[in-house]
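A.B. asks: Here is the input, now give the coordinates:
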Amino acid sequence: MKYRLLIAVDVLDFTAALTRREQEVLWKRFREIREYPHQYSDYREPDSEGRLLGVHVHAGFAIHFWEDGADRHVKILHLCRADR
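C.D. replies: Numbering: from 1, shown residues only. Predicted coordinates for the structure are as follows:
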């Protein structure tokens, strides 16, 4: 069963400043994460609330997300350029 994809407004603001190509690449990956979130966690990191977030590095960006299995939501909470 698919998860519902929820994206923080800060992430939407960040993507609005990117090139069209970068936006397309990220939106495609967001949808892929929605389908199988457990397959896209490169490492885990706690957020300020103590939840362990999955972090996926893709195309030069770090996508921080929380898989809420109880509600069947994948929440994209933070997006930034990945360290090189």
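A.B. asks: wait, isn't Val74 in contact with His38?
C.D. replies: No. In this structure, Val74 is not within contact of His38 by Cβ atoms under 8 Å, at 10.1 Å. For glycine as for every other residue, the C-beta is placed from the backbone atoms N, C-alpha and C.
A.B. asks: shared neighbours of those two, anything?
C.D. replies: Jointly contacting Val74 and His38 under the rule Cβ atoms under 8 Å, 6 or more residues apart in numbering are Glu67.
A.B. asks: In contact with Thr15, which residues?
C.D. replies: Counted by Cβ under 8 Å, 6+ apart, Thr15 has contacts Glu22, Gln23, Leu26, Trp27, Leu79.
A.B. asks: Including pLDDT, could the residues you listed go into JSON lines?
C.D. replies: Formatted as JSON lines, those follow (pLDDT from 0 to 100):
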{"residue": "Glu22", "pLDDT": "98"}
{"residue": "Gln23", "pLDDT": "98"}
{"residue": "Leu26", "pLDDT": "98"}
{"residue": "Trp27", "pLDDT": "98"}
{"residue": "Leu79", "pLDDT": "98"}
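A.B. asks: Identify, from these, the entry nearest to Pro46.
C.D. replies: For the contacts of Thr15, the residue nearest Pro46 by Cβ to Cβ is Leu79; the value is 17.5 Å.
A.B. asks: Now do the strand or helix carrying the closest one: which elements does it pack against?
C.D. replies: Remark: Leu79 resides in strand 73-81, with elements defined by DSSP states H and E. When contacts are defined as 3 or more Cβ pairs under 8 Å, 6 or more residues apart in numbering; DSSP states H and E, strand 73-81 sits against strand 4-7, helix 9-16, helix 20-35, strand 61-68.
A.B. asks: For the shortest one, buried residues please.
C.D. replies: Spelled out, that is strand 4-7. Leu5, Leu6, Ile7 (16 or more other Cβ atoms under 10 Å).
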